[in-house]
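[1] Sequence and predicted structure are below.
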Amino acid sequence: MRQINPQYLDELRRVVGPQHVAVDPGERHTFESDAFTLVRGRPDAVVFPASTEEVAGVARITAKHGLPIIPRGAGTSLAGGTIAIDGGVCVSLTRMRQILDINLRDRCARVQAGVVNLHVSQAVTAQGWHYAPDPSSQMVSTVGGNFATNAGGPHTLRYGVTAQHVLGATIVLADGSIVALGGTYDDAPGGDVLSLLVGSEGTLGIATEITVRLTRTPAAIRTQLAIFDSIDDASHAISGIIAAGIVPAALEMMDQATLTAVEQWLRLRFPLDAGAVLIIEIDGLEPGLDRQTDRIAGLCRRHGARDVRLARDDAERAQLWMARKKSFGALGRYGLSYCTQDGVVPPSRIPELMRFIADVGARHRLRVATVMHAGDGNIHPVLMYDENDPAQVRAVVAAGYEILDRCVALGGSVTGEHGIGIEKVRHLERMYDPDTLAMFERVRRAFDPDRRLNPRKVLAGGAPCVELLRPPKGIPA
Amino acid sequence: MTAVHDLDARLRTCIHCGLCLEHCPTYVDLCTEMDSPRGRIVLMRGLHERRIEPTPAVAQHLNRCLGCRGCETACPSGVRYGELLEHFRSQSGLPAESTVMPRLMAFANFYLFPYRRRMRAAVAMARAVRWLGASHLVRATPLARWIPDWMLRLDAMLPTTIDAAEPLRREYRAGPRDAQRARLFIGCVAEVLRPRTHRATIRVLNRHGCDVECPPAQGCCGALHLHAGRRGEACALARANIDALHGDAPVITNVAGCGAMLKQYGDLLADDPAYAAPAAEFARRVRDVSEFVATLEPVPPTRAMPIRAVYHDPCHLGHAQSVRSAPRELLRRIPGLQLVELNDGELCCGAAGIYNLTHPDIADRLAEAKLRRIRDTRAELVITGNIGCMLHLGARARRDNAPIRIVHTMELLDEACDPRTAPPPYNPDSEAP
């Protein structure tokens, strides 16, 4: 690891205040990983700025000393997007949690990057509004982190991902300059640079303030739980619903392994012998909703649903969503570490992919639980492993490659919402042709010629792959 | 001596999802990973695997934890964080606590608070000083500089009035008939600073047809010691209480912090060959009073109390014991009482044992935030089940010159039940807490 140069630390302390620079090895140790734990890397220092100006000051100091800069929100990345592989300065934006302005007449809110996703909705819920993108981590993850990964969530099926809900942003560039993109309107002149930044995982700049679109909360909501004996039936029901032209607000699936873990925690009386359940939510105006729920229930039954239940009230609905959104965490009850994959296939190919995932799990002797944003074909197989067993660790990496390769082969993608991070750098190379990758590379160099912004994430840029995450033998590189 | 054997597995139950972060009062206040439950578990694991040294900074972050266990409620993976924390505070060779807790405070914490008689003498002294106006005098002179801040805070926390009360009798019979019996856990601080809570508890239990015994040999529950990593002393106190309260009758406590500790005696003494079985048996008998009364045949309160009120969940009742609905259920029996819910009700108020003395800044900010959310509800009364929360919130509210009435669940139930013992009709302006 690089030597800590006391001079740059003093400069950082002058910018953010001495108590907001963490240098103790123990303190830096807590930033070694985010929610992706296969690889770790300790930053040389962690700073906690409170304003755009302070972030810019930090960027100038790192530019002067040629240090990597790793932005971080709540640290819930499932692809290792915030891991300081080569050390450097981690910029934790969690102290920037002010909602700066709420403007309901113009349907938008301006927030600091460290504001928690859910807090935006909570601030306007009494007035009948909400912030639509709802990643499962929304009770802790930040708007800045959501911006960086272009986060999705169950309701993105109907409402779109983060990119569709960001109107403007203040960005700190690699050299410390501050630029303002977009505004409170939809179509800013000068090309849509903002969209280039959304989902760039902190490799082009650091978003410090973000203007988001607020969405009117629907007048009426229905949430159904459909119970299936097998994953296969549930998968066919998903493609059946989408093929029938119904676009629910959300269409989610949990398999038996997930249900069992959630049930151990919440005791919601899920049927533990079920192969899979679907959570189906529709919203809109009250008239017509019941006819739609009937239609959906009919489709589910036709594909073999054993039972279709309707949440009786808001409390029951909230419980279903709590079960779904915290299901990743509940899988920790199996006592193993895990790696959550994030593949996408067209909904019609879900049954095929689910069978493939079961095969891969069996072949590598890994326990697999699957949760999915079924409506848009975004599948999260959770591969569990004992981190003290090197063979299992290698098996997890190999299984990840096989599953995502199949996703691409089926016409899908290697990530739906978690981003590339450190985990999927090689996967991305397998998905795009060399010319496209070269273009990405040129764009990145234009913003950050020294490759100091979140280095080795998204695009390797000639740097070696993290040894552990290298494609295993038998898989064409 | 340790009760945590499978440390590796327990630490690895944390899968780093981070869903605990916003349920942690110190993370919400300081916004730093190392002051979050996930961060602290990484620190513990780092110490355990010897990947980091127990530096003062590491100790600071582990000591900054309130021990509210809000993260356990939030954790989908089932990490038993409280036990891990206690283990690491007592085992891991962290720098001595004297750096965190000044010696004099440690003395007060371990040799004064746990003993009712000493505590009573100290409080009498403090009140005499206050009555003479001496504390104002002292504060106004340069002498004040030499008085540690925590002593001034302690003085500020003393209630403005402490009602005179007869010493507790050994037994309070519900009536002539053969009644159910309960043993009251008396504890230390509560009986000295707010004797009315125990009296109200006894009357409520009697009214529900339950005889109450108050065995005099019992002492402090040991929670303060255990949470500060002094496991040996905590175990000694636990053994004494198990002996003093032996029998079949349920052990009833009206202090959330004590209740959580008493219910933990089984784990605490699991390695003690002589006490493992009795401790486990004892822990099974422990009930918070609200939990216990809710299981008895209801005696509907007769007095209407048309008041807007919030119930504040003490962490060691809600998070540590999962007792949330019982007190609300009992309070809803009071005619006219309008019970409203608090935003972010699961976040600690900052009292946390003696945390408000060891970490005054964070404790104050948490209390302010809690009081702000209480005021947002426009409630005129706060009901809760823990003396620590009552003193801490009360002191903070008084300092802001915005006193609010804070009562124990049993006190309000008692007031609502018995017109003979009830004070005159409630008037929010007449009483500072």
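    Thanks, I have it. If you're wondering where the values come from, they're calculated on a predicted model, not measured in any experiment.
[2] if I pick A:Gly114, what's in contact with it?
    A:Gly73, A:Leu93, A:Thr94, A:Arg95, A:Met96, A:Arg97, A:Thr142, A:Val143, A:Gly144, B:Cys31 (C-beta atoms under 8 Å, 6 or more residues apart in numbering or on different chains). All C-beta atoms are positioned from the backbone trio N, CA, C, and that covers glycine.
[3] rerun at 10 Å
    Residues near A:Gly114 by C-beta atoms under 10 Å, 6 or more residues apart in numbering or on different chains: A:48-50, A:72-74, A:92-98, A:142-145, A:208, B:31.
[4] Which among these count as buried?
    A:48-50, A:72-74, A:92-97, A:142-145, A:208, B:31 (16 or more other C-beta atoms under 10 Å in any protein chain shown).
[5] in what helix or strand does residue 59 lie?
    Defaulting to chain A. helix A:52-65 (DSSP states H and E).
[6] meant chain B, my bad for not saying
    Counting by DSSP H and E, B:Ala59 is found in helix B:56-63.
[7] Quick check: next helix or strand after that helix?
    Counting by DSSP H and E, what follows helix B:56-63 is helix B:70-74.
[8] and the gap between B:Gly336 and B:Arg303?
    9 Å (C-beta to C-beta, to the nearest Å).
[9] which of those two has more neighbours?
    B:Arg303 (15 against 11; other C-beta atoms under 10 Å in any protein chain shown).
[10] quick one, phi/psi of the more buried one?
    Main-chain dihedrals, B:Arg303, degrees, to the nearest 10: phi -100, psi 130.
[11] Next: A:Arg72.
    phi -150, psi 140.
[12] Find the residue closest to it in space, skipping its chain neighbours.
    A:Thr82 (4.0 Å; C-beta to C-beta, 6 or more residues apart in numbering or on different chains).
[13] what kind of secondary structure is the one you found in?
    coil (DSSP: H, G, I helix; E, B strand; the rest coil).
[14] what residues are up against it?
    A:31, A:33-36, A:41, A:43, A:70-76, A:90-92, A:145, A:148, A:201-202, A:421-422, A:454, A:457.
[15] so of those residues, which ones are in strands?
    Among the contacts of A:Thr82, the ones falling in strands (DSSP state E) are A:Ile70, A:Pro71, A:Arg72, A:Cys90, A:Val91, A:Ser92.
[16] These: which two are farthest apart?
    Spatially, the most separated pair among these is A:Ile70 and A:Ser92, at 9.4 Å (C-beta to C-beta).
[17] picking that back up, shared neighbours of B:Gly336 and B:Arg303, anything?
    Common neighbours of B:Gly336 and B:Arg303 (C-beta under 10 Å, 6+ apart) are B:Ala416.
[18] returning to that earlier point: what pLDDT, on average, does the helix holding B:Ala59 get?
    For helix B:56-63, the mean per-residue pLDDT is 92.
[19] So which bits of it are buried?
    Those would be B:Ala57, B:Val58, B:Ala59, B:Gln60, B:His61, B:Leu62, B:Asn63, for helix B:56-63 by 16+ other C-beta under 10 Å.
[20] gap between it and the chain center?
    Its chain's average C-alpha position is 23 Å from that of helix B:56-63, according to C-alpha atoms, centre = their mean, to the nearest Å.
[21] Determine the set of other helices and strands touching that helix.
    Here helix B:56-63 touches helix A:25-29, helix B:37-48, helix B:81-91, going by 3 or more C-beta pairs under 10 Å, 6 or more residues apart in numbering or on different chains; DSSP states H and E.
[22] measure stretch A:135-146 end to end?
    8 Å (C-alpha to C-alpha, to the nearest Å).
[23] for that stretch, what is the average pLDDT?
    97.
[24] What about contact with chain B: does it have any residue there?
    Yes. Using C-beta under 10 Å from any C-beta of the partner chain, we find that stretch A:135-146 touches chain B at A:Ser136, A:Ser137, A:Met139, A:Val140, A:Ser141.
[25] What about the residues you listed, which are in helices?
    Judged by DSSP state H, the residues of stretch A:135-146 next to chain B include no members of helices.
[26] Please dump those into CSV; it should also carry neighbour count for every row.
    Formatted as CSV, the residues of stretch A:135-146 next to chain B follow (neighbours: other C-beta atoms under 10 Å in any protein chain shown):
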residue, neighbour count
A:Ser136, 26
A:Ser137, 30
A:Met139, 23
A:Val140, 27
A:Ser141, 27
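[27] Where do the strands of chain B begin and end?
    Using DSSP E, strands in chain B cover B:171-172, B:180-184, B:210-213, B:251-253, B:286-288, B:308-312, B:338-340, B:381-384, B:405-408.
[28] Can you tell me what sits against the shortest one?
    Read that as strand B:171-172. Contacts of strand B:171-172 (C-beta under 10 Å, 6+ apart): B:181-182, B:184, B:199, B:202-203, B:205-206, B:210-215.
[29] Sheet partners, orientation included, of it?
    Here strand B:171-172 is paired, per DSSP bridges, with strand B:210-213 (antiparallel).
[30] what is the mean pLDDT for the partner strand?
    The pLDDT scores in strand B:210-213 average 94.
[31] where in chain A is pLDDT low?
    A:1-5, A:474-477 (pLDDT under 70).
[32] Now for it: which helix has the highest residue count?
    Under DSSP H, chain A gives helix A:390-409 as its longest helix.
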